[in-house]
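Chemist: No letters, just coordinates:
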């Protein structure tokens, strides 16, 4: 089919991203191994996670070579999850508050 | 691309990465996603819905963990192993992570060699991907067994801390493991198609009757990379947090 050539990229790109993903995974494991705590730990985990996710989606899943119409269609709906996470956090805070008052030892 | 624009509009090719391309493609009749095979669009739509399923699991895990008045079991300790007499935290999970990333690498290269019509290399890479995936599931089975029989973790409780730990763990990793298992089956099916030359000779598939095409390798790849992608989030939020 005529599409076939569209997603043809040099092998080197994949090997580089692969190596980078290995380094990032090792880095996120190091966060646990060296017992980083608190905000340093959480921010490092999030940074490495987002970098890995971004590389996988952009290069391995060929997102960076897709038309913008498709990129927006796929990436914008999951942004709703931010709202959902916010609602979940509020609810959890409230439950924790009630439990602390009525059930905590 | 220029053919798709109407004649009243002088053909001004919009670069696919230009935001104007978003408007141009969505406002054009019939085909919104130009040059994208429909099978790929369908897989992406499925993956977006799957994103929501896994997100809901992870968000509910967040709420139970945040609202617990009992300390959450420390995953670094729960998943530690004794190797050669030394105590290594989270080591099995780290190995599983590297295995899954490697399988994503071989998958990406399989897609690439598929489009080059290199049947043999594509087949070998798909088989390696399937083997790595199967070993991931095997390690997960080992992890579950150890957790259930040695640590006494149950969906309704465990000796280490908050009772919700087991429920969240079995639900999230169980669902992910199911995805990997289905992916391995999917990989074997595609590998057999590649090996037999079904894709080169455009033979109809047994299920849909669609003519064989190397796009199926890329579509398979999207699913496989997604499984790896989900693991990135599970690794960060469940095991490392």
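Modeler: Happy to help now that I have it. Just so we're clear, the structure is a prediction, and the values are computed from it rather than from any experiment.
Chemist: Walk me through the domains of chain B.
Modeler: Per automatic domain parsing, the structural domains of chain B span B:1-35, B:37-240.
Chemist: Deepest in the core, which of these is it.
Modeler: Ranked by mean neighbour count, the domains of chain B are led by domain B:37-240 with a mean of 18 (mean count of other Cβ atoms under 10 Å in any protein chain shown). No exception for glycine: its C-beta is placed from N, CA and C like everyone else's.
Chemist: Quick one: mean pLDDT for that one?
Modeler: Throughout domain B:37-240, pLDDT has a mean value of 92.
Chemist: Residue B:69 reaches residue A:103, doesn't it?
Modeler: Yes - the pair residue B:69 and residue A:103 qualifies as a contact (Cβ atoms under 8 Å) at a distance of 6.5 Å.
Chemist: Next, the residue nearest to residue A:74 when sequence neighbours are not counted: secondary structure please.
Modeler: Leaving aside its sequence neighbours, residue A:74 sits nearest to residue B:44 (Cβ to Cβ, 6 or more residues apart in numbering or on different chains; 5.4 Å). Recorded secondary structure, residue B:44: helix (DSSP: H, G, I helix; E, B strand; the rest coil).
Chemist: and if you look at residue B:180?
Modeler: helix.
Chemist: again, but for residue B:82
Modeler: strand.
Chemist: Pull the contacting residues for it.
Modeler: residue B:88 (Cβ atoms under 8 Å, 6 or more residues apart in numbering or on different chains).
Chemist: distance of residue B:21 from chain A?
Modeler: Using Cβ to the nearest Cβ, to the nearest Å, residue B:21 is found at 4 Å from chain A.
Chemist: Let me know whether that residue touches residue A:70 as I believe.
Modeler: No - between residue B:21 and residue A:70 there is no contact under Cβ under 8 Å: 9.9 Å.
Chemist: Now do the shared contacts for these two.
Modeler: With Cβ under 8 Å, 6+ apart, residue B:21 and residue A:70 have no common neighbours.
Chemist: returning to what we had before: from residue B:38, how far off is the residue nearest to residue A:74?
Modeler: 10 Å (Cβ to Cβ, to the nearest Å).
Chemist: just residue B:101 next, same as before
Modeler: From residue B:101 to residue B:38 the distance is 30 Å (Cβ to Cβ).
Chemist: ditto for residue A:88
Modeler: Residue A:88 is 35 Å from residue B:38, where distance means Cβ to Cβ.
Chemist: again, but for residue B:154
Modeler: Counting by Cβ to Cβ - residue B:154 and residue B:38 are separated by 45 Å.
Chemist: Over to residue B:209?
Modeler: 15 Å.
Chemist: ok, now residue A:97?
Modeler: 50 Å.
Chemist: do residue B:150 as well
Modeler: 49 Å.
Chemist: With residue B:203 instead?
Modeler: For residue B:203 relative to residue B:38 (Cβ to Cβ), the value is 20 Å.
Chemist: With residue B:15 instead?
Modeler: 23 Å.
Chemist: now swap in residue B:175 and tell me
Modeler: With Cβ to Cβ as the criterion, residue B:175 and residue B:38 are 27 Å apart.
Chemist: Strands of chain A, residue ranges please.
Modeler: Counting by DSSP state E, one finds no strands in chain A.
Chemist: Per the annotation, how does it divide into domains?
Modeler: Split by automatic domain parsing, chain A gives A:1-66, A:67-105.
Chemist: all helices for chain B, in order.
Modeler: Ranges of helices within chain B are B:19-27, B:38-67, B:75-78, B:91-115, B:119-145, B:164-196, B:215-234, based on DSSP state H.
Chemist: Can you lay out those as a markdown table showing distance to residue A:9?
Modeler: Below are the helices of chain B laid out as a markdown table (distance: least, Cβ to Cβ, whole Å):
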| stretch | distance to residue A:9 |
| --- | --- |
| helix B:19-27 | 20 |
| helix B:38-67 | 16 |
| helix B:75-78 | 37 |
| helix B:91-115 | 7 |
| helix B:119-145 | 15 |
| helix B:164-196 | 20 |
| helix B:215-234 | 12 |
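Chemist: Residue A:23: which of those helices is closest?
Modeler: With distances scored as Cβ to Cβ, the stretch of these nearest to residue A:23 is helix B:91-115 (10.5 Å).
Chemist: you'd agree residue B:231 is up against residue B:176?
Modeler: Yes - judged on Cβ under 8 Å, residue B:231 makes contact with residue B:176 at a distance of 6.4 Å.
Chemist: Residue A:35: how many residues sit nearby?
Modeler: 9 (other Cβ atoms under 10 Å in any protein chain shown).
Chemist: pretty sure the residue nearest to residue A:74 is touching residue A:71, no?
Modeler: No - Residue B:44 lies out of contact with residue A:71 (Cβ under 8 Å); the separation is 10.1 Å.
Chemist: residue ranges of the helices in chain A, please?
Modeler: A:11-33, A:38-55, A:68-75, A:80-102.
Chemist: Provide a list of residues in contact with residue A:69.
Modeler: B:21-22, B:24-26, B:32-34.
Chemist: mind redoing it with 7 Å?
Modeler: Residues near residue A:69 by Cβ atoms under 7 Å, 6 or more residues apart in numbering or on different chains: B:21-22, B:25-26, B:32-33.
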